[in-house]
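Undergrad: okay, here's the prediction I keep looking at, along with the sequence it came from:
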Amino acid sequence: MASKIDGVLNDLKKLTEDVSALKRAVVASPIVPIPKPLKSKLGVVQEVTDQALIDAYFGTVQNVADVVLPASVAREVINNPNVTMTETGMIISGSEQKAPSKPRKVTKKMRQQRKIQSKAFRNANAKARKKNGELRAGFDQRRIAQMAQRECTKERQRLGLCEKPMKRKSTRKGQVRKTARRAYEK
């Protein structure tokens with residue numbers, strides 16, 4: 001059984017041979033101003049050289065196609081369910097394949113977090129969109145996501161899934177420490 005590429009190459013070879021026969025017919029026609037003895041010799045030489053060139057060219061192309069993916073290998077890859085091809089193009093058999101990784105187990109806490117987050121995104125989207133579905137003025141996807149994350153964090157804190165962050169006791173940008181202010185006032 002020949003592969004599809006073999007069929008395509010055979011069709012191209014046949015087409016090329018037909019074009020060569022047409023070319024020889026034009027040279028042999030009375031329209032071309034060449035003496036008859038020369039036309040017959042030219043036709044024979046042209047037929048031999050054309051056939052040699054066609055055979056050499058398509059033989060090389062067929063050999064390259066067989067090196068890339070030989071017909072026997074292509075048949076094996078197509079018909080054997082244990083043989084697969086990697087993303088890089090390497091053909092591997094069933095024994096070399098890695099076992100598919102199991103999906104990660106979804107814990108109760110993860111399900112709860114997903115439920116909270118989906119509800120928060122629904123609420124944020126509802127606040128940011130008009131009845132026709134367009135975004136309100138001043139809203140974009142970034143702002144919607146920020147609102148949802150903020151609501152998600154507050155809900156998780158309310159349910160006790162995470163703790164409220166400690167208040168900062170350090171000096172913020174633009175502020176002066178109280179001790180520095182007292183020292184300056186004296």
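TA: Cool, the structure landed. Keep in mind that this is a model prediction, so the values were computed, not measured. Numbering: from 1, shown residues only.
Undergrad: where is the longest helix in the protein?
TA: helix 36-68 (DSSP state H).
Undergrad: in this structure, which spans are helices?
TA: Taking DSSP H as the test, the helices found in the chain are 4-28, 36-68, 71-79, 108-128, 141-159, 178-185.
Undergrad: weakest of these in terms of mean pLDDT?
TA: Within these, the stretch with the lowest mean pLDDT is helix 178-185, showing a mean of 64.
Undergrad: what residue spans form the domains of the protein?
TA: The chain breaks down into these structural domains: 4-91, 108-159 (assignment by automatic domain parsing).
Undergrad: looking at those domains, which is closest to Ser101?
TA: Ser101 lies closest, by C-beta to C-beta, to one member of those: domain 4-91, at 15.6 Å. Every C-beta, even on glycine, is put in place using the N, C-alpha and C of the backbone.
Undergrad: and the angle for the longest helix of the chain with helix 4-28?
TA: Comparing the axes of helix 36-68 and helix 4-28 via axes from the mean of the first three to the mean of the last three C-alpha atoms, to 10 degrees yields an angle of 170 degrees.
Undergrad: check which helices and strands helix 36-68 sits against.
TA: Using 3 or more C-beta pairs under 8 Å, 6 or more residues apart in numbering; DSSP states H and E as the contact criterion, the secondary-structure elements in contact with helix 36-68 are helix 4-28.
Undergrad: list the buried residues in the helix it packs on.
TA: Within helix 4-28, the residues that qualify as buried by neighbour count (16 or more other C-beta atoms under 10 Å) are Ile5, Leu9, Lys13, Ser20, Arg24, Ala28.
Undergrad: out of those, flag the one nearest to Leu159.
TA: Among those, Ile5 lies closest to Leu159 (C-beta to C-beta), at 62.2 Å.
Undergrad: quick check: the closest one vs Val19, distance?
TA: Noted for Ile5: a distance of 21 Å to Val19, by C-beta to C-beta, to the nearest Å.
Undergrad: kindly report the same for Arg129.
TA: When Arg129 is compared with Val19 (using C-beta to C-beta), they lie 64 Å apart.
Undergrad: the domains of the chain into a markdown table, with extra columns for distance to Gln175?
TA: Compiled in a markdown table, the domains of the chain are given as follows (distance: least, C-beta to C-beta, whole Å):
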| stretch | distance to Gln175 |
| --- | --- |
| domain 4-91 | 55 |
| domain 108-159 | 24 |
